[in-house]
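Engineer: Sequence plus predicted model, see below.
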Amino acid sequence: MQKPELIKDGKRLDGRDFEELRPLKIVAGIIKNATGSAYLEWGNNKVLAAVYGPKEVLPKHLADPEKAIVKCRYAMAPFSSLEEHGRAGPNRRATEISKVTKEVFENLIMLEKFPSTEIDIFIEILQSDGGTRSAGITAAGVALADSGIPIRDIPFAVAGGKIGDKLAIDFNKIEDNYSDADIPIAISPNLDRVLLLQMDGKMTKEEFSRYLDMVERVSKQIISAQKNALLEKYKVNG
Amino acid sequence: MVEIVLPGSKITSGIIKADGTYIENDSTYASVVGIFDEEKRHFIPLEGLWYPKEGDRVVGTIVTRRISAYVVDLNSPYKGIIMTKFEHSRLEEGDIIEATVREFKEFDDAMVVVLTRPKRLFGGVLLNIKPTKVPRVIGKGNTMIDQITQATKCSIIVGLNGTVWLKGGDINLATEAIKTIELQAHVSGLTDKIKNMLEKKGK
Amino acid sequence: MQIKVSKEYLTELLSRQERVDQRGFFDYRSISIKTNTIPNAEGSASVYIGNTYVLAGVKLDVGTPMPDKPDEGVLVTSAELLPLASVEYEEGPPSPEAVEFARVVDRGIRAAEVIDTESLFIEENKVWNVYLDIYVLNYDGNLFDAGTLASVAALLTTRMPRLEGEQVIRTGDLPRLKTKGIVASTTFAKIGNAILLDPTGLEESFMNARLTIATDDEYIHAMQKGLAGYFTRQEIEKLIDTSFEKSKMLRSLISKAVSGD
């Protein structure tokens, strides 16, 4: 298929500026059975994240006597995209995303406090429109804070990169498909640690550095959506 | 000033030792959602899990009976065990018990909570609440739990693991009161609020 | 907060004609139905029954008909008991429970002819396949009724894609999928001798038998008895009457949700 024009009259196809996020809304505590949970809408993405545990390790031989182990499932609903019905079950893409997401949280959860246990993180993409792994991590960060499992920080994530010679943040699906460079990144803001970084495309070092500045500038909005979701829980009427 | 702090936020420069915090570069950070009272330099976690400690009074359910031990579900990642050798109570699967933590140790490749002095609780209802809310449900000098017991005529035993046993009296009202405390543990004047609720809805 | 009850307490409550959540034996918990919650799907609906939370999504793709029905489209129903919905659910191939759940919902929808399958014929050996996926997001009992409500509401609001050559057009001004019937299922749990409509997860953990009856105004369209316990003939006949009565209420909730879409 021919590459569509992604920029018109200095704006992106959905009318956004290059440094403008899609609307982001997060609600904590939506899945009653879970230890912690969050529902996130970011543009057209709709994501549920839930945390269970710490709990008994199954199968038992995976248990680590020094610390808790983390399991992570990232999965897309078969009805989540605007295209054809998706095949059910894990695929290579979902397996990789599950792995790198797990590694983000292994860094932040105080695993040493719960030896010989397991913590499960589930991320279900109910509707997808680009940047779902970032949306999943941003939601799972809130779910973990909601759970009471001790964590060093709440991570946020966002994906963006380069369209033509322009840098842009928070790619939607079509930008994701046809961009010249695509960089999902997850950061622990208080500790200033990069916990997930992936990239494909073409970018100079200088562009990458400017991209990181852009991430830092928009991060405040993502972090504040996460905070609002958590604080909302403690508002009492009457 | 009292404010809600989120995991990863710096609570204060300097070191405060409290559950739900960690120290980095001589500053104290929150690892769970909690309230920080700046004047008293006091951090109270609002979310959090139960860490078994010797002497903790807990409530649980017998899951299975093995040859040398009963296995107890404590609403925790760790199973409780009662060594049959030392304890003479006859217990069965499904029985609800109250017991005291003797130690928390590695046993048979897993961490277990060794329990002692089990007492069977007959019938009733179990509520699992967040363990961080247990002190609020009990109240200073038992004030909160006493007023619920008086108003509802319910027998109530609160386990530090977050499991609460209720029997007799107005269980629905007692449950509602405990649920309200769990949701509003961070709100001041809660004892009076619960008192009003119990008076209004009590029979 | 989670509540667990001892067998003694539950038996005593039921003998006084009371339930743990203070409902009547034949009352539903509060029900909410929202349609088009996943706009990317051709049809979708989210349903809460109490704390039970399910989502149904519908996609249509071009496929081949079944050999015995060459001029009708095909309905493919699946259910996922997502590990995020309960500690009891695990990842992996569908469990027997998930398969039974999907098949019972599917049967009611087929038998009541919710979809006009003949309208899905495109040309010889080419029909629309309707993929109905039921996602359980939080389990607190009575999945069958929640799943049926979500599925029917999603199907009734499904947009019918159209073909431009080989390309499937899924957006823009599209007509609705042609539907005929509306069905709702009602599920009863038997605990001891007590029979309860719309069991919670807690009640289901004590039930010894389960009966699901899917009806519309005139007909019973599907039934499924589950678990090792039993129902007597008298009980079943009485529950069918109750089912007709409750189904009317459920179907009016669907109609309300669908008309707002």
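Structural biologist: Cool, the structure landed.

Engineer: what does chain C have sitting close to chain A?
Structural biologist: Neighbours of chain A within chain C, by CB under 8 Å from any CB of the partner chain: C:37-42, C:44, C:51, C:53, C:55, C:57-61, C:78, C:80, C:82-87, C:91, C:129, C:131, C:133, C:135, C:137-140, C:168, C:170-171. For every residue, glycine as well, the C-beta is placed using N, CA and C.

Engineer: of the residues you listed, buried ones?
Structural biologist: Neighbour-count burial (16 or more other CB atoms under 10 Å in any protein chain shown) applied to those gives C:37-38, C:40-42, C:44, C:53, C:55, C:57-61, C:78, C:80, C:82-86, C:129, C:131, C:133, C:135, C:137-140, C:170.

Engineer: quick one: average pLDDT of the lengthiest helix in chain A?
Structural biologist: Secondary structure assigned by DSSP state H gives helix A:205-232 as the longest helix of chain A. In this model, helix A:205-232 has an average pLDDT of 97.

Engineer: what do you get for stretch C:196-206?
Structural biologist: Mean pLDDT, stretch C:196-206: 97.

Engineer: so how far is it from its chain's centroid?
Structural biologist: 16 Å (CA atoms, centre = their mean, to the nearest Å).

Engineer: okay, how far is it across that stretch, tip to tip?
Structural biologist: End-to-end distance of stretch C:196-206: 12 Å, with CA to CA, to the nearest Å as the criterion.

Engineer: May I see the buried residues of it?
Structural biologist: Buried residues in stretch C:196-206, counted by 16+ other CB under 10 Å: C:196, C:197, C:198, C:199, C:200, C:201, C:202, C:203, C:204, C:206.

Engineer: Now go through these and say which are in helices.
Structural biologist: Secondary structure from DSSP H places C:201, C:202, C:203, C:204 of the buried residues of stretch C:196-206 in helices.

Engineer: So the last one versus chain B, what's the distance?
Structural biologist: When distances are taken as CB to the nearest CB, to the nearest Å, residue C:204 and chain B turn out to be 17 Å apart.

Engineer: so what's the residue in chain A that chain C sits nearest to closest to, chain neighbours aside?
Structural biologist: Nearest residue of chain A to chain C: residue A:79, at 2.8 Å (CB to the nearest CB). Residue nearest to residue A:79 in three dimensions, not counting chain neighbours: residue C:57, with 2.8 Å by CB to CB, 6 or more residues apart in numbering or on different chains.

Engineer: name the helices or strands packed onto the helix or strand hosting the one you found?
Structural biologist: According to DSSP states H and E, residue C:57 maps onto strand C:52-63. Packed against strand C:52-63 by the contact rule (3 or more CB pairs under 8 Å, 6 or more residues apart in numbering or on different chains; DSSP states H and E) you find strand C:43-49, strand C:126-138, helix C:143-156, strand C:167-169.

Engineer: Tell me how far the following helix or strand past the longest one lies from the chain's centre.
Structural biologist: By that I understand helix C:143-156. Sequence-wise, the next helix or strand downstream of helix C:143-156 (DSSP H and E) is strand C:162-164. With CA atoms, centre = their mean as the basis, strand C:162-164 stands 30 Å off its chain's centre.

Engineer: One more: stretch B:14-25?
Structural biologist: Counting by CA atoms, centre = their mean, stretch B:14-25 is centred 22 Å from the centre of its parent chain.

Engineer: what residues are up against the residue lying closest to residue B:47 once chain neighbours are set aside?
Structural biologist: Using CB to CB, 6+ apart and skipping the chain neighbours, the partner closest in space to residue B:47 is residue A:148 (3.2 Å). By CB atoms under 8 Å, 6 or more residues apart in numbering or on different chains, residue A:148 lies in contact with A:35, A:36, B:32, B:33, B:45, B:47, B:48, B:49, B:130, B:132.

Engineer: 10 Å - rerun?
Structural biologist: Going by CB atoms under 10 Å, 6 or more residues apart in numbering or on different chains, residue A:148 touches A:35-36, A:51, B:7, B:20, B:31-34, B:45-50, B:130-132.

Engineer: Show the pLDDT at it.
Structural biologist: 95.

Engineer: and residue A:139, helix, strand or coil?
Structural biologist: When classified by DSSP: H, G, I helix; E, B strand; the rest coil, residue A:139 comes out as helix.

Engineer: looking at chain C, which residue lies furthest from center?
Structural biologist: residue C:165 (35.0 Å; CA atoms, centre = their mean).

Engineer: ok, now how distant is that residue from residue C:62?
Structural biologist: Using CB to CB, to the nearest Å, residue C:165 is found at 11 Å from residue C:62.

Engineer: same thing with residue B:134?
Structural biologist: According to CB to CB, residue B:134 stands 59 Å off from residue C:62.

Engineer: Have a look at these two and say which one is more surrounded.
Structural biologist: residue B:134 (20 against 16; other CB atoms under 10 Å in any protein chain shown).

Engineer: is it true that that one lies in a strand?
Structural biologist: No: if the criterion is three-state DSSP, then residue B:134 is helix and not within a strand.

Engineer: for it, what are its contacts?
Structural biologist: Taking CB under 10 Å, 6+ apart, we find residue B:134 in contact with B:50, B:158, B:159, B:160, B:161, B:162, B:163, B:164, B:181, B:182, B:185.

Engineer: so which of these are also by chain C?
Structural biologist: By CB under 10 Å from any CB of the partner chain, the members of these lying near chain C are B:162, B:163, B:164, B:181, B:182.

Engineer: Filter these down to the ones in helices?
Structural biologist: Those of those mapping onto helices are B:181, B:182, per DSSP H.

Engineer: neighbouring contacts of stretch C:11-19?
Structural biologist: Outside of stretch C:11-19, the residues within contact range by CB under 10 Å, 6+ apart are B:123, B:125, B:171-172, C:5-6, C:10, C:20, C:22, C:24-25, C:27, C:191-196, C:198-200, C:202-203, C:206.

Engineer: wait, doesn't residue B:181 sit right on residue B:129?
Structural biologist: Yes: with contact defined as CB atoms under 10 Å, residue B:181 reaches residue B:129; the gap is 8.2 Å.

Engineer: do you know how far the residue farthest from the centre of chain C is from residue C:68?
Structural biologist: Taken as CB to CB, the span from residue C:165 to residue C:68 is 29 Å.

Engineer: In chain B, where is pLDDT below threshold?
Structural biologist: Along chain B, the model assigns pLDDT under 70 to residues B:1, B:87-88, B:203.

Engineer: repeat that for 80
Structural biologist: Residue ranges of chain B with pLDDT under 80: B:1-2, B:85-89, B:108-110, B:202-203.

Engineer: And the pLDDT for the nearest residue to residue C:137 once chain neighbours are set aside?
Structural biologist: In this structure, residue C:137 finds its nearest non-sequential neighbour in residue C:53, 4.4 Å apart by CB to CB, 6+ apart. What the model reports as pLDDT for residue C:53 is 98.

Engineer: and residue A:80, what helix or strand is that in?
Structural biologist: Remark: residue A:80 resides in no helix or strand, with elements defined by DSSP H and E.

Engineer: per-residue confidence for the nearest residue to it once chain neighbours are set aside?
Structural biologist: Among residues not flanking residue A:80 along the chain, residue A:128 sits closest, at 4.6 Å (CB to CB, 6+ apart). For residue A:128, the model assigns a pLDDT of 96.

Engineer: Against residue A:82, how distant is residue A:128?
Structural biologist: 9 Å.

Engineer: Stretch B:175-192 vs chain A: in contact?
Structural biologist: Yes: using CB under 10 Å from any CB, we find that stretch B:175-192 touches chain A at B:180, B:183, B:184, B:185, B:186, B:187, B:190.

Engineer: Now distance to residue A:200, neighbour count and secondary structure too, for these, in TSV please.
Structural biologist: Formatted as TSV, the residues of stretch B:175-192 next to chain A follow (distance: CB to CB, whole Å; neighbours: other CB atoms under 10 Å in any protein chain shown; DSSP: H, G, I helix; E, B strand; the rest coil):
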residue	distance to residue A:200	neighbour count	secondary structure
B:180	52	16	helix
B:183	46	16	helix
B:184	49	17	coil
B:185	47	20	coil
B:186	46	17	coil
B:187	50	13	coil
B:190	54	17	helix
